[in-house]
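>>> Structure, please.
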Amino acid sequence: MDEPTGEVTRLLEALRGGERDAESRLLALLYDELRRLARSYLRRERPDHTLQATALVNEAYLRMAGASAPAKNRAHFFGIAAQVMRRILVDHARAHSAGKRGDGVPRLPLDEAVLVAHAESQQLVDLDEALSRLAKFDARQARIVELRFFAGLSVEETADVLDCAARTVNREWRMARAWLRRELTRQAP
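Presented below is the predicted three-dimensional model:
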């Protein structure tokens, strides 16, 4: 977050305006921060994970580059990046644990999962499935979990991305965590 205030937003606007070199300048500006985000995700993965932070950033960037509408601002960009990285890791976890479902892997509530340094692939899949169920029930709460838990955005940044009040984010964050905790506990053996 060392770039001048508004530079990311300015580059995103230039990108939407069709400026050719805006994309490469944006990537150069945000690459280190994207790698930090990727490393943060990978620390929660199993110790023998084969995906590296650079590969995760590159795959996420390729998927984001193909998106029809670029992000509005820095917080929105990292919200999208977090969502894409989460999807990549869940796909990777599903591929890794294909055929191993219910193989005695313990499930953890969301609060405990945050504290575990090397979460198992199945736990990520379970969390993703629970988050998908939450999205059917309350899409905004699911998006808040993505932005806060996966992207690491602050309450204020999350409120900015969702265009709502910080109080609303706090209230719905608490409700979503309680709902997910109940869902993940119910799945536990």
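
>>> Where does pLDDT dip in the protein?
By pLDDT under 70, the low-scoring segments of the chain are 1-5, 44-50, 66-69, 96-121, 187-189.

>>> What segments of it are helices?
With helices called from DSSP state H, the chain shows them at 7-16, 22-43, 53-65, 74-96, 110-115, 121-137, 139-145, 155-162, 166-187.

>>> how far away is the residue sitting nearest the centre point of the chain from Asp126?
Centroid check for the chain by C-alpha atoms, centre = their mean gives Ala82 as the closest residue, at 2.9 Å. Separation of Ala82 from Asp126 (C-beta to C-beta, to the nearest Å): 19 Å. All C-beta spots, glycine's among them, are computed from the backbone N, C-alpha and C.

>>> Could you do Ala165 as well?
As it turns out, when the distance is counted by C-beta to C-beta, Ala165 lies 31 Å from Asp126.

>>> Over to Phe137?
According to C-beta to C-beta, Phe137 and Asp126 sit 17 Å apart.

>>> The residue nearest to the centre of the chain reaches Arg36, doesn't it?
No - between Ala82 and Arg36 no contact is recorded; they are 11.9 Å apart, counting by C-beta atoms under 8 Å.

>>> of Phe137 and Asp126, who's got more company?
It is Asp126, of Phe137 and Asp126, that has more neighbours when counted by other C-beta atoms under 10 Å, with 22 against 10.

>>> so that one touches Leu180, yeah?
No - proximity of Asp126 to Leu180 does not meet the contact threshold set by C-beta under 8 Å, at 10.1 Å.

>>> residues near Ala22, how many?
As a burial measure, Ala22 scores 18 neighbours (other C-beta under 10 Å).

>>> Over to Gln83?
Applying other C-beta under 10 Å, we find 18 residues neighbouring Gln83.

>>> repeat for Val125
Counted with other C-beta under 10 Å, the burial measure for Val125 works out to 19 neighbours.

>>> what's the distance between the closest residue in space to it that isn't next to it in sequence and Leu12?
Residue nearest to Val125 in three dimensions, not counting chain neighbours: Ala93, with 5.1 Å by C-beta to C-beta, 6 or more residues apart in numbering. The spacing between Ala93 and Leu12, counted by C-beta to C-beta, is 30 Å.
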